[in-house]
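Chemist: give me the fold of what follows.
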Amino acid sequence: MSPGASELPAAAAWDALAADFEAFHARFAGLFARSEPREQAIKYVRSLMGPAARRNGWQLAEAIGDPTPDRVQRLLYSADWSADAARDLLMDFTIEQFGDPQGIGVLDETGFLKKGTKSVGVARQYSGTAGKIENCQIGVFLSYTSPRGHVILDRRLYLPESWCSDPARRQEAHVPEDVAFQTKPQLAMQMLHDAWQRGVPMAWVTGDEVYGDDPVLRDGIAAQGHRYVLAVISSAPVWPQRPAVAEPPTEREHPRGPLRTRTRLAPGAPHASTVAKVVAQWSPKQWHRLAVHQGEKGPIEYDWARARVVDSRRRLPTDEIWLLARRSVSNPSEVAYYLSNAGAATPLATLAHVASTRYTIEQCFEEAKDDVGLDHYEVRTWPSWHRYITLGMMALAWLAFVRAKLPAEGAFPYAPAMNPELVPKAARPGPGKNAERVQKAALDTLGKKSPPRSKKATLRRRWRPGAFPKSVA
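Modeler: Residues are numbered from 1 along each chain as shown. Predicted coordinates:
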């Protein structure tokens with residue numbers, strides 16, 4: 001098992017939740033015209049949540065009980081079913097189980113390190129997973145967060161320009177002809193549009209600088225009536241006050257010159273500043289200490305401040321928006337910057353809460369890679385990549401659904417007795433104790449009142465919503 005992964009229960013331990021799992025998978029049964037791939041899919045999703053060290057063809061086939069990985073490979077490569085249709089049905093499940101009017105969509109990408117040049121979309125490119133330029137694939141993801149939990153909602157494989165302009169590689173990897181080069185923000189906007197069209201309730205969108213620095217994405221979110229709190233780089237241009245502009249004149253300014261048709265800054269008006277320079281001028285009284293999410297050792301605190309500024313497009317002023325800043329308590333030189341189109345009456349705690357929610361997608365990636373093997377695949381083509389990732393998203397959504405039903409808050413995916421790292425060392429069964437008896441006792445607690453959590457238990461990091469103002473020292 002990979003380091004840090006949860007020890008998931010054996011297949012027999014699923015019996016207590018078999019009816020729920022069958023109902024969950026029945027949502028997707030109509031995607032398969034034949035019974036064989038339909039049955040293989042339910043076994044596959046179940047085995048992704050099993051104890052296999054690597055979720056590749058051979059180990060999943062062994063977990064399922066197949067003598068060879070042929071059936072597993074057919075499910076990913078040649079069986080007749082649509083990964084996008086499965087994604088749409090998974091959105092419907094998300095709406096029912098996690099939907100909330102104040103739900104938050106979170107944008108981010110993650111890298112999948114690969115060797116060679118055959119895997120679709122692989123290239124030498126920056127990977128946040130490795131923290132440097134590596135040979136990898138990049139997946140752009142949209143997650144969904146509400147008080148009920150967080151799940152991955154959609155996915156897009158980023159196809160570098162070198163791939164888009166190489167017909168031979170495209171054909172070998174089965175890249176559809178209508179797939180053209182799109183930037184990560186363009187892929188993100190496409191996913192948001194699909195989610196809104198499907199009816200996903202989403203009041204806010206957040207993401208890191210890759211997405212916040214794209215004004216087209218910000219304008220696209222605002223145009224659909226949604227609010228955003230998106231991170232931007234320190235040099236992002238804004239005006240602390242609206243500058244004067246000169247509208248095009250009705251007559252030529254010079255007898256022999258052309259008639260000016262564009263608006264420009266008025267003579268003497270200042271050019272846009274940067275968000276870093278604007279924040280550096282703020283008064284100490286503007287900063288407030290807030291703890292808006294929970295860490296391993298308790299609430300994580302930052303100093304937050306905000307002010308209304310004027311956004312910039314093509315070096316001209318546009319809308320009045322919020323500039324939000326987050327400053328490290330231990331190192332005040334570490335400052336993060338955000339822009340938001342939220343209304344002028346929006347509280348600081350709300351903006352800080354939405355900005356902090358961005359880290360839930362990192363938890364989704366951690367859980368997906370550790371607990372369902374999102375990065376364990378050994379497929380190379382465009383369709384098989386989307387099929388594997390979608391099946392992993394289904395498994396992750398199911399675990400999130402189960403977590404929401406658990407009596408023991410914070411336990412993942414079931415009860416502490418089934419996850420040794422969630423149990424105090426003194427309470428863990430030794431080699432001579434009956435592990436099956438411990439797992440059965442854990443399942444017997446389902447539906448009962450949650451026992452008090454031991455203070456000595458080591459819990460996986462969990463985000464919890466809520467903002468708690470605290471005066472700045």
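Chemist: CA only for contacts and neighbour counts going forward, please
Modeler: Noted.
Chemist: could you list the low-confidence segments of the stretch 151-300 of the chain?
Modeler: 250-257, 259-261 (pLDDT under 70).
Chemist: just the helices from it, written as ranges.
Modeler: All helices of the stretch 151-300 of the chain, identified by DSSP state H, counting those that start in this stretch, fall at 161-164, 167-172, 184-198, 209-212, 215-223, 275-280.
Chemist: which of the helices or strands spans the residue nearest to Y77 when sequence neighbours are not counted?
Modeler: Nearest non-adjacent residue to Y77, counting by C-alpha to C-alpha, 6 or more residues apart in numbering: S384, 5.4 Å away. Assigned by DSSP states H and E, S384 belongs to helix 382-405.
Chemist: swap in A61?
Modeler: helix 57-64.
Chemist: go ahead and confirm P69 touches Y44.
Modeler: No - applying C-alpha atoms under 8 Å as the test, P69 and Y44 come out as separate, 11.3 Å apart.
Chemist: give me the more crowded residue out of these two.
Modeler: Y44 (25 against 17; other C-alpha atoms under 10 Å).
Chemist: can you give the contact residues for the strand or helix carrying that one?
Modeler: Using DSSP H and E, the element containing Y44 is helix 35-48. Residues from elsewhere that reach helix 35-48, judged by C-alpha atoms under 8 Å, 6 or more residues apart in numbering: 25, 29, 32, 55, 60, 63-64, 71-72, 75, 79, 371-373, 391-392, 394-395.
Chemist: picking that back up, give me whichever of the helices of the stretch 151-300 of the chain is most buried.
Modeler: helix 209-212 (a mean of 21; mean count of other C-alpha atoms under 10 Å).
Chemist: which residues touch I321?
Modeler: 308-311, 339-342, 344.
Chemist: the nearest residue to it once chain neighbours are set aside: neighbouring residues, count only.
Modeler: Nearest residue to I321, sequence neighbours excluded (C-alpha to C-alpha, 6+ apart): N341, at 5.0 Å. Around N341 sit 22 other residues, with neighbours defined as other C-alpha under 10 Å.
Chemist: how about low-confidence regions in the stretch 351-473 of the chain?
Modeler: 406-473.
Chemist: how about 80 then?
Modeler: Low-confidence segments of the stretch 351-473 of the chain, defined by pLDDT under 80: 405-473.
Chemist: those helices in the stretch 301-450 of the chain, which residues are they?
Modeler: All helices of the stretch 301-450 of the chain, identified by DSSP H, counting those that start in this stretch, fall at 348-356, 360-371, 382-405, 435-444.
Chemist: quick one: the strands in the stretch 51-200 of the chain?
Modeler: 104-113, 123-127, 132-146, 149-158 (DSSP state E, counting those that start in this stretch).
Chemist: and the shortest one, what does it pack onto?
Modeler: In this structure, strand 123-127 packs against strand 104-113, strand 132-146, with contacts taken as 3 or more C-alpha pairs under 8 Å, 6 or more residues apart in numbering; DSSP states H and E.
Chemist: deepest of those strands, which one?
Modeler: By mean count of other C-alpha under 10 Å, the helices and strands packed on strand 123-127 have strand 104-113 as the most buried, with a mean of 24.
Chemist: what strands line up against that one, and which way round?
Modeler: For strand 104-113, the paired strands and their directions (DSSP bridges) are strand 132-146 (antiparallel), strand 204-207 (parallel).
Chemist: next, the angle from it to strand 149-158.
Modeler: Counting by axes from the mean of the first three to the mean of the last three C-alpha atoms, to 10 degrees, strand 104-113 lies at 50 degrees to strand 149-158.
Chemist: thought the residue nearest to Y77 was touching Q73?
Modeler: No - look at S384 against Q73 with C-alpha under 8 Å: they stay out of range, at 9.0 Å.
Chemist: outline the domain layout of this protein.
Modeler: Domains of the chain are assigned by automatic domain parsing as 11-202+372-405, 228-247+264-351.
Chemist: out of these, flag the one nearest G212.
Modeler: domain 228-247+264-351 (4.6 Å; C-alpha to C-alpha).
Chemist: if we can go back for a sec, distance to D92 and mean neighbour count added to the helices of the stretch 301-450 of the chain, as a markdown table?
Modeler: Formatted as a markdown table, the helices of the stretch 301-450 of the chain follow (distance: least, C-alpha to C-alpha, whole Å; neighbours: other C-alpha atoms under 10 Å):
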| stretch | distance to D92 | mean neighbour count |
| --- | --- | --- |
| helix 348-356 | 23 | 22 |
| helix 360-371 | 19 | 21 |
| helix 382-405 | 11 | 22 |
| helix 435-444 | 28 | 15 |
